[in-house]
Each structure stands twice: as structure tokens, then as C-alpha cells.
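# below are the sequence and a predicted model for it; my questions follow.
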Amino acid sequence: MQRQDSQDAPLFGEDDDHMKPKKSKIRHPLASFFHLFFRTSAILVYLLCDTFSSRFIACMVTIILLLSCDFWTVKNVSGRLLVGLRWWNQVDEDGKSHWVFESKKTHSLNTAGSADSRIFWLGLIVCPIFWVIFVFSTIFSLKIKWLAVVIMGLILQWANLYGYVRCKVGGKSNLRDMAKNYIGVQIFKQAMKKTEGP
């Protein structure tokens, strides 16, 4: 597994960012719209499918198409534009599969794109929670025919969430280092409190 800071691979919209006038806080309204559109549409179709249609196959195909469009859009477009992160899998010459997690190194993403970032992370975190709820409700209500659909929704949305969290925080070693540093800081604070005692 690799983590890279992107310098040689241009991200979508990287070249024309400095030419656009800043009219609103959302720098990429179209990417933000589609980031939320496909995932919320899949949830709404799932919730309203039994109400408006009795055709299970048509509903299932519609939901799977929306989930697939969402997966592709989030992985290939909105992650790059809204937060400057991307991840993918590559196979080397020996046939070994490697996951690559990449982060764009710029300060403009932190300052001008805070609204974009909030939209991205909110959509990325909230929607998989709905699919977890749908999995349990499908099992408990014994609607087994929907189980494959909700599991696919959960897997596709969870994969993007996992990939972007890994991009944001880095590899497993970084997660371990962060935990160690946090524990070390807490121990140091406790020790300082005891030495400053009465």
C-alpha cells in the first residue's frame, strides 16, 4: 500500500482553478451536486420503491445503476475536485495488486474549499449509515429479496468511505502513530498535572 503526495499527476480542474472568479463559497457546484445526487437518489428510490412501483426488477436495476454512478463519480471526480484526494488499485509487473492513496499538496483546498470539503465528507459519511440501517431493517422485516441490493449499497459506499479516510489519514502506520502520539500527549498532561499539584 502506498501513499503519495501528487505533484506529477494533475488532478481534475487543477489547471483552471486560478482562472475562475470566486463567486461563492462552493468552488465546484456541479461536482458537489452530483456527489450528493446519485447517493441520495439511490436511497430515495429504495425507500419509495414499494410505494410507487410493484416491479422489483426495475427498482433493483435503477438502484444499482444509481449506486454505480455514485461510486464512479465519488471515486473519480468529486474526491479529486472537492478535497484533492484520490485512491486506486494498480497491478505491478509481477502481477501484485497495490492500493495507492494520494493527497494533493496545496493550501488553496483548505482555505477556499472548506464548503466543498464539508459537503464531500458529510455525504460520504452519512449515506453509508443509511445503508447499514437498511441492511438490518431488511433482515428483521424478512424482506430477503432486497438483501442483495442493500448489501451492494453498503459495500460500494463503504469502499469509497474507507478509501478516502485512508487518503486523508494515510496508511495503517500513520493511524498507529497518531494513536501513540495521542496517548503520549495524554500521559504527559497527566504527569504535568501531578507535578503542579498543591
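Good, I have the coordinates.

# just the element for the residue nearest to the spatial centre of the chain, please.
With distances taken as CA atoms, centre = their mean, Leu161 lies nearest the centre of the chain, 3.6 Å away. For Leu161, the host element (DSSP states H and E) is helix 147-169.

# what does that helix rub up against?
Residues outside helix 147-169 that contact it (CB atoms under 8 Å, 6 or more residues apart in numbering): 3, 39, 42, 46, 60, 63-64, 67-68, 70-71, 74-75, 79, 83, 85-87, 99, 101-103, 124-125, 127-128, 131-132, 134-135, 138-139, 175, 178. For the C-beta atoms, the positions are set from N, CA and C on the backbone; glycine is no exception.

# mind running it again at 6 Å?
60, 63, 67, 71, 74-75, 79, 85, 87, 101, 103, 124, 127-128, 131, 134-135, 138, 175 (CB atoms under 6 Å, 6 or more residues apart in numbering).

# and these, which are buried?
The neighbour count (16 or more other CB atoms under 10 Å) marks 60, 63, 67, 71, 74-75, 79, 85, 87, 101, 103, 124, 127-128, 131, 134-135, 138 as buried among the contacts of helix 147-169.

# residue boundaries of the helices in the chain?
Assigned by DSSP state H, the helices in the chain fall at 29-52, 56-73, 108-111, 114-140, 147-169, 172-195.

# of all the ones you listed, which one is nearest Gly95?
helix 147-169 (22.0 Å; CB to CB).

# what's the offset of that closest one from the middle of its chain?
Computed by CA atoms, centre = their mean, to the nearest Å, the chain-centroid distance of helix 147-169 equals 7 Å.

# and stretch 63-73, by the same measure?
Put simply, stretch 63-73 sits 13 Å off its chain's centre (CA atoms, centre = their mean).

# pull out the buried residues from that stretch.
If you call a residue buried by 16+ other CB under 10 Å, then stretch 63-73 has these buried ones: 63-64, 66-67, 69-71, 73.

# in JSON lines: the residues you listed, plus pLDDT and distance to Ser53.
JSON lines is the format used below for those (pLDDT from 0 to 100; distance: CB to CB, whole Å):
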{"residue": "Ile63", "pLDDT": "95", "distance to Ser53": "12"}
{"residue": "Ile64", "pLDDT": "95", "distance to Ser53": "15"}
{"residue": "Leu66", "pLDDT": "96", "distance to Ser53": "15"}
{"residue": "Leu67", "pLDDT": "95", "distance to Ser53": "18"}
{"residue": "Cys69", "pLDDT": "95", "distance to Ser53": "20"}
{"residue": "Asp70", "pLDDT": "94", "distance to Ser53": "21"}
{"residue": "Phe71", "pLDDT": "93", "distance to Ser53": "24"}
{"residue": "Thr73", "pLDDT": "93", "distance to Ser53": "25"}
